[in-house]
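Peer 1: sequence below, structure please.
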Amino acid sequence: MTDDRVKFLMRIDPDTDRKIKTAMPLSNCRSQNEFVEKALQFYCDYITSQDSFSVLPPMLVAAIRATVQNSESHICRLLFKLAVEMDMMMNVVAAGMEIPEEQLRALRGRCVQEVKKTQGAVTLDDAVAYQNGTD
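Peer 2: Numbers count the residues shown, from 1 in each chain. The predicted structure follows:
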């Protein structure tokens with residue numbers, strides 16, 4: 001079996017040498033050469049990587065992904081519940097009012113612009129003020 005490794009001389013500070021010897025058992029490396037090679041691979045991946053997950057420990061990546069997925073699921077459930085409540089409210093309001101279709105279209109356009117302008121921070125007070133002409 002041929003050894004396809006490149007040999008090069010490297011000089012390091014004595015303090016760095018102590019750090020390597022201390023960290024070797026923590027990294028499951030059998031030699032300083034293996035430790036330095038792993039460290040260099042990690043650093044090269046870190047420098048060239050656009051995907052920061054490649055340099056994070058797999059357990060941390062899994063924990064981050066699980067947290068994001070749980071948050072996403074929770075938000076989806078809350079949005080579904082909110083949509084159900086909004087549908088109920090709209091049906092109750094629609095049952096008690098007779099609004100012409102063109103007026104409804106105009107109101108929808110105005111509401112879209114208002115939500116964009118306020119970045120979704122619309123309150124019932126704002127709607128009442130608009131309907132009363134005090135906006």
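
Peer 1: where does the protein dip in pLDDT?
Peer 2: Residue ranges of the chain with pLDDT under 70: 1-2, 50-55.

Peer 1: and with 90 instead?
Peer 2: Under the criterion pLDDT under 90, the flagged ranges of the chain are 1-10, 12, 20-21, 24-34, 37-62, 64, 82-101, 103-108, 110-135.

Peer 1: quick one, helices of it?
Peer 2: 14-23, 32-48, 58-96, 101-118, 124-131 (DSSP state H).

Peer 1: and the first one with helix 32-48, angle?
Peer 2: Put simply, helix 14-23 runs at 100 degrees to helix 32-48, going by axes from the mean of the first three to the mean of the last three CA atoms, to 10 degrees.

Peer 1: export helix 14-23 as CSV, just CAs?
Peer 2: Extracted as CSV, the C-alpha positions of helix 14-23 are listed here (Å, rounded to 0.1, in the frame of the first residue of the first chain):
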residue,chain,number,x,y,z
PRO,A,14,5.8,25.8,22.4
ASP,A,15,2.4,27.1,23.8
THR,A,16,0.7,25.8,20.7
ASP,A,17,2.4,22.4,21.1
ARG,A,18,1.1,22.2,24.7
LYS,A,19,-2.4,23.0,23.5
ILE,A,20,-2.2,20.3,20.9
LYS,A,21,-1.0,17.7,23.4
THR,A,22,-3.8,18.7,25.8
ALA,A,23,-6.5,18.6,23.1
